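> give me the fold of what follows.
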Amino acid sequence: DAVGATVHVQVLVREQVVYVDRVDGPDAGLFRDPHRVSPALLTAGGRLLAARGEDEPWKAALAGVPEPLRSVADAARDEWARATWLVAESDQPSAPAEVAVPVVDASGVALAALVADLPIGFGDAQVAAVVAHLTRAVAAAVRTLGHG
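Coordinates of the predicted model:
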């Protein structure tokens with residue numbers, strides 16, 4: 001509710017990102033795709049997760065996208081691996097852009113990404129507000145997972 005958008009949990013499975021859960025926001029439409037699978041580098045969460053991963057899955061993720069994204073992604077890997085959040089525009093005109101925050105455990109391993117849809121015409125202030133909410137949710141989740 002605080003984000004005002006649908007929030008997804010993404011995990012990296014080989015070179016794909018799998019949307020394993022979602023909480024619908026007011027932007028949710030009539031149709032659902034609860035277990036959507038996309039090439040990792042087409043999504044904000046997939047970029048964060050793949051960039052932090054081992055070289056072989058990264059190479060597989062690169063192979064799963066066309067040029068010029070492949071070259072852009074390869075050049076941006078180090079930046080994406082250090083990022084605390086990332087925005088990615090959709091490759092489909094009617095689909096929203098996403099902002100993602102990685103879920104990183106105490107040992108520094110990225111387990112998943114918390115991702116929110118952004119409204120068309122979003123601005124820096126909206127992104128900052130969504131990132132703040134997602135970051136708080138990730139911190140709470142990591143604290144809870146650490147006690148399990």
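
> how near is Leu118 to Ala141?
From Leu118 over to Ala141 the distance is 21 Å, taken as CB to CB, to the nearest Å. C-beta coordinates here come from the backbone N, C-alpha and C atoms, glycine included.

> okay, the two: which has more neighbours?
Neighbours per residue, other CB atoms under 10 Å: of Leu118 and Ala141, the larger number sits with Leu118, 23 against 15.

> what is that one paired to in the beta sheet?
Ala97 (DSSP bridges).

> wait, it sits on Ala88?
No. Leu118 is beyond contact range of Ala88, at 9.6 Å (criterion: CB atoms under 8 Å).

> give me the common contacts of the two.
Residues touching both Leu118 and Ala88 by CB atoms under 8 Å, 6 or more residues apart in numbering: Ala97, Glu98.

> residues near the nearest residue to Val104 once chain neighbours are set aside, how many?
Take Val104 and drop its neighbours on the chain: the residue closest to it by CB to CB, 6 or more residues apart in numbering is Ala110, 5.2 Å away. Residues within reach of Ala110, counting by other CB under 10 Å, total 19.

> contacting residues for Ala110?
Leu48, Leu49, Arg52, Gly53, Pro102, Val103, Val104.

> then Ala81?
Leu48, Ala51, Arg52.

> same question, Ala139
Under the criterion of CB under 8 Å, 6+ apart, Ala139 has no neighbours.
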